[in-house]
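S.K.: Sharing a model that was predicted from the sequence below.
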Amino acid sequence: MTMPQNPSGRTFPDPELGQESDTTLLTEESEVGDQAPDKDAGRTTRSQMREVKEQVVDQTRTSIRQARDRAVDSLSESRRRAADQIGSLATAFHRTSEHLRSEQQTSVAGLADSLARRVDGVSAYLRDTEMGTMVDDLESLARRKPAAVLGVGLVLGIFGARFLKSSGRGGTEAGGFNARA
């Protein structure tokens, strides 16, 4: 015997017959009872999706924070190396100045000393100044002397391009063309 079912697909037991009833019970209680599990399941699904979203957001924030920290560490290390190299250059200018003084060329030695002091100042600035302050200082300089900043940028770009070209892996010939192309 097939049993008719209510819209929820459930059959109800008939206590008198000891079996499932073939009548459909559509009362407010059964309709509310049928909807409640669906709402609970929807709430559970939404809360699970919210938890997964929060986990993804937290992992993303952690990854971004780690990448930023690595970049700051790398930049700090590069700044320290640049400051050390510039400091070495200042030391060389000081030695040159001393040598020039020993050769009785005091006017040129004075220029070398002056240059050494400036280079020492640049080295100390790179070593001791925070990156945000450097950016602010560069922006200020660019507003006051845009031509000078543009000129320095151009010169640095040319030197950088020459350096990269000369440090290539031998894949280019004298004309700058790739021999394999």
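M.R.: Here it is on my side, so go on. Numbering: from 1, shown residues only.
S.K.: For the protein, which element, helix or strand, carries the lowest mean pLDDT?
M.R.: strand 19-20 (a mean of 48; mean pLDDT, DSSP states H and E).
S.K.: So for this structure, the centremost residue is which one?
M.R.: The residue lying closest to the centre of the chain (Cα atoms, centre = their mean) is residue 68, at 4.6 Å.
S.K.: Could you measure from that residue over to residue 77?
M.R.: Residue 68 sits 15 Å away from residue 77, going by Cβ to Cβ, to the nearest Å. C-beta here means a position set from N, CA and C on the backbone, and glycine is covered the same way.
S.K.: pLDDT below threshold where in the protein?
M.R.: The model of the chain has pLDDT under 70 over residues 1-39, 41-42, 169-181.
S.K.: Would you map the strands across it?
M.R.: Secondary structure of the chain (DSSP state E): strands at 13-14, 19-20.
S.K.: Scan the protein for its longest helix.
M.R.: The helix that spans the most residues within the chain, counting by DSSP state H, is helix 28-102.
S.K.: which helices and strands sit right next to it?
M.R.: In terms of contacts (3 or more Cβ pairs under 8 Å, 6 or more residues apart in numbering; DSSP states H and E), helix 28-102 is packed against helix 106-128, helix 131-144.
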